[in-house]
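In: give the three-dimensional model of this entry:
(chains A and B)
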Amino acid sequence: AQSVAQPEDQVNVAEGNPLTVKCTYSVSGNPYLFWYVQYPNRGLQFLLKYITGDNLVKGSYGFEAEFNKSQTSFHLKKPSALVSDSALYFCAVRDIRLQAGTALIFGKGTTLSVSS
Amino acid sequence: NAGVTQTPKFRVLKTGQSMTLLCAQDMNHEYMYWYRQDPGMGLRLIHYSVGEGTTAKGEVPDGYNVSRLKKQNFLLGLESAAPSQTSVYFCASRTLGAVNEQFFGPGTRLTVL
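Out: Numbers count the residues shown, from 1 in each chain, chains lettered A, B, ... in the order given. Model (predicted):
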């Protein structure tokens, strides 16, 4: 079965420190992986995606993610956290069970809290 | 471009009442989706559409119906609301291509008493 796991409900970091939000996946075939961010009372915003190629993917707002096939992981990273990065982060994988692989399976989300 | 918009933003219903949530997108996207977001459960797909006049069931379709009569609109209906349908509902859309990201609306917060 396809699934996405975000093992941490919350991640706390100090401003200026590096941050990592973890994601592991289980899919058949090659995974298409995504990260989204949700600010309070807002819809989800796309951050970055991995389809193929370089294992390090760069996205919006200085975020990047590292794809590791052997560990089936797709961790979100940022070298220096900002207080404004505080939000709810979702990892997602393309759902190949549906027509044309159109939908996404989301993890439960990880709340990132950056303190000043 | 307004992107993806949802109407209404908030709604309170009594058990057994019906309502329709409207999603509209102005990006000429082919695919549209309805998700519900519940605490600690992430987003779960209710129904989706791959084009005008077509709809399909997602992961949690029971108690909901949808229609896509126009390409830009995707309606989600609750015929007889239940407290278990208290949730935040998000609409999303995307263009053709299996790798294209989805664009989300701001959400509708629904409470069923």
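
In: run through the chain and note the low-pLDDT ranges.
Out: You didn't say which chain, so I picked chain A. Under the criterion pLDDT under 70, the flagged ranges of chain A are A:98-101.

In: not quite, go with chain B.
Out: Short version for chain B, where the test is pLDDT under 70: B:98.

In: how about the residue in it positioned nearest to chain A, what does it touch?
Out: Taking C-beta to the nearest C-beta as the measure, chain B has residue B:104 as its residue closest to chain A, at 3.6 Å. In this view, the C-beta of every residue, glycine as well, is placed from N, C-alpha and C. Contact analysis of residue B:104 by C-beta atoms under 8 Å, 6 or more residues apart in numbering or on different chains lists A:36, A:43-45, B:4, B:90-92.

In: now it, nearest residue through space, not along the chain?
Out: For residue B:104, ignoring the flanking residues on the chain, the nearest one in space by C-beta to C-beta, 6 or more residues apart in numbering or on different chains is residue A:43 at 3.6 Å.

In: need the contact list for residue 76.
Out: Defaulting to chain A. Residue A:76 neighbours (C-beta under 8 Å, 6+ apart): A:20-23, A:35, A:47, A:63-65, A:89, A:91.

In: meant chain B, my bad for not saying
Out: Applying C-beta under 8 Å, 6+ apart to residue B:76 gives the contacts B:20-21, B:23, B:34, B:46-47, B:64-66, B:89, B:91.

In: mind running it again at 6 Å?
Out: If you count contacts by C-beta atoms under 6 Å, 6 or more residues apart in numbering or on different chains, residue B:76 has them with B:21, B:34, B:66.

In: and what of residue A:91?
Out: So residue A:91 contacts A:4, A:6, A:23, A:35, A:107 (C-beta under 6 Å, 6+ apart).

In: I figured the last one hits residue A:4, correct?
Out: Yes. Applying C-beta atoms under 6 Å, one finds residue A:107 in contact with residue A:4, separated by 4.1 Å.

In: and stretch B:94-113, how far apart are its ends?
Out: End-to-end span of stretch B:94-113 (C-alpha to C-alpha, to the nearest Å): 33 Å.

In: Provide the backbone phi and psi angles at the residue of chain A found nearest chain B.
Out: In chain A, the residue that lies nearest chain B is residue A:43 (3.6 Å; C-beta to the nearest C-beta). Reported as degrees, to the nearest 10, the phi and psi values for residue A:43 are phi -80, psi 170.

In: nearest residue to the middle of chain B?
Out: Nearest residue to the geometric centre of chain B (C-alpha atoms, centre = their mean): residue B:34, 2.9 Å.

In: report the contact partners of it.
Out: B:46-47, B:76, B:91.

In: looking at these, which has the most residues close by?
Out: Ranked by neighbour count (other C-beta atoms under 10 Å in any protein chain shown), these have residue B:91 at the top, with 30 neighbours.

In: where's residue B:86 relative to residue B:36, distance?
Out: Applying C-beta to C-beta, to the nearest Å, the value for residue B:86 to residue B:36 is 10 Å.

In: list, one by one, the residues from chain B near chain A.
Out: Contacts of chain B with chain A, taken as C-beta under 6 Å from any C-beta of the partner chain, map to B:31, B:40, B:42-43, B:45, B:48, B:50, B:90, B:98-99, B:101, B:104-107.

In: measure residue A:58 to residue A:78 for me?
Out: 11 Å.

In: and the two? Which one has more around it.
Out: Neighbour count, other C-beta under 10 Å: between residue A:58 and residue A:78, residue A:78 has more, with 21 against 10.
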